[in-house]
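> Here's a sequence, model it:
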Amino acid sequence: MLFIVSWSISPENRNTAIQRFLKTGGAPPEGVKMHGRWHAVGGSSGFGIAEASDLVQVQKWVLEWNDLMKMEVQAALTDAQMAPLLAATAGK
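Numbers count the residues shown, from 1 in each chain. Below is the predicted model:
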């Protein structure tokens, strides 16, 4: 299953978050594959696309970081997965 993981870092946690990221690379735990990560220019936010079959591993990843930042996780569908659902809806 794919997930959109977005985050925002408060100014008071910025330097600590930077240090942790540089030390760990922000890598997710085993069982979570990072497809890509994008950082907002001029801000302290961003998002990534990750894949996992075990929600526990996704939650573990969030718990490794949510002491420093707000993180939101949403399940995601690809165009190929969404198109049949849209077609069925449009056919009603």
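
> Could you list the residues in contact with the lowest-mean-pLDDT helix or strand in the chain?
Lowest on mean pLDDT, DSSP states H and E among the helices and strands of the chain sits helix 79-90, with a mean of 93. Contacts to helix 79-90, defined as C-beta atoms under 8 Å, 6 or more residues apart in numbering, come from residues residue 77. Heads up, the C-betas are built off the backbone N, CA and C, glycines and all.

> Let me see the ranges of the strands in the protein.
Listed in chain order, the strands of the chain (DSSP state E) span 2-9, 32-39, 45-52, 69-76.

> Could I get those in JSON lines, plus columns for mean pLDDT, mean neighbour count and distance to residue 25?
As requested, the strands of the chain are arranged in JSON lines below (pLDDT from 0 to 100; neighbours: other C-beta atoms under 10 Å; distance: least, C-beta to C-beta, whole Å):
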{"stretch": "strand 2-9", "mean pLDDT": "97", "mean neighbour count": "18", "distance to residue 25": "15"}
{"stretch": "strand 32-39", "mean pLDDT": "97", "mean neighbour count": "13", "distance to residue 25": "10"}
{"stretch": "strand 45-52", "mean pLDDT": "97", "mean neighbour count": "17", "distance to residue 25": "12"}
{"stretch": "strand 69-76", "mean pLDDT": "97", "mean neighbour count": "14", "distance to residue 25": "16"}
